[in-house]
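J.: no sequence on this one, just coordinates:
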């Protein structure tokens, strides 16, 4: 089983839609969690950290469920500019492990 | 403030050759991570350097190696190149083990092996 698993998608949604991505991780000793965004042929950039209490940054909400070992990302009111690959990242013993990413395509 | 810089940005090699990729971290960052991203695949962890020492390596053969210099810049060396080494090689830096865990990536070195 892979350490971090994501549905690769693509998720194809219209502008204004709400879309949610999930990610599961296998190692319960994982210590910190993140969502990164990667545009086509570009470097990944941090979108947000993920905390057990849940956290929100504008249209983006991230949630961590340690008991079930999954992480979620909710995007509200999708914009064309949200089209990208979203990478789930789990960090353990200072090593971040990346999921393969979920592709999001927002169309007019 | 300058971000993470990598060189070269693109390079083409043939099987069996050797390549050296370079990375300069953000000023003040002591940790450097190297990842491989083959086409259509996720980022695979290669190496982690902190304070000049190799701290961890991923599941890659020994022909992948590197080092970190006293100024915290880093090199990744790949010997005896194989076709499947064609990938984007990403370097990332962080403030060290005491930071939040956020990685700051360079734009990568795109290696093509023919």
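T.: Sure thing, it's come through. On a predicted model such as this, the values are computed, not experimentally measured, just so you know.

J.: Helix, strand, or coil at the residue nearest the centre of chain B?
T.: With distances taken as C-alpha atoms, centre = their mean, residue B:34 lies nearest the centre of chain B, 3.2 Å away. Following DSSP: H, G, I helix; E, B strand; the rest coil, the label given to residue B:34 is strand.

J.: That one pairs with what?
T.: residue B:47, residue B:91 (DSSP bridges).

J.: what's it in contact with, if anything?
T.: Counting by C-beta atoms under 8 Å, 6 or more residues apart in numbering or on different chains, residue B:34 makes contact with B:23, B:45, B:46, B:47, B:48, B:66, B:74, B:76, B:89, B:90, B:91. Quick note: C-beta positions are derived from backbone N, CA and C, even for glycine.

J.: strands paired with the helix or strand where residue A:35 lies, and their directions?
T.: Element membership of residue A:35 [criterion: DSSP states H and E] is strand A:32-38. The strands beside strand A:32-38 in its sheet (DSSP bridges) come out as strand A:45-50 (antiparallel), strand A:84-92 (antiparallel).

J.: Stretch B:4-18: end-to-end distance?
T.: 23 Å (C-alpha to C-alpha, to the nearest Å).

J.: what residues does that stretch touch?
T.: B:19, B:21-26, B:77-83, B:89-93, B:104-114.

J.: What about those residues, which are in helices?
T.: Using DSSP state H, the subset of the contacts of stretch B:4-18 located in helices is empty.

J.: Mind checking which of those are buried?
T.: B:19, B:21-26, B:78, B:81, B:89-93, B:104-111, B:113 (16 or more other C-beta atoms under 10 Å in any protein chain shown).

J.: Let me see the contact set for residue A:43.
T.: Contacts of residue A:43 (C-beta under 8 Å, 6+ apart): B:90, B:105, B:106, B:107, B:108.

J.: Pull the contacting residues for the third one.
T.: With C-beta under 8 Å, 6+ apart as the criterion, the residues that contact residue B:106 are A:43, B:3, B:4, B:5, B:6, B:23, B:90, B:91, B:92.

J.: For the fifth one, name its beta-bridge partners.
T.: Each beta-bridge partner of residue B:6 is listed here: residue B:23, as defined by DSSP bridges.

J.: Sounds good, over and out.
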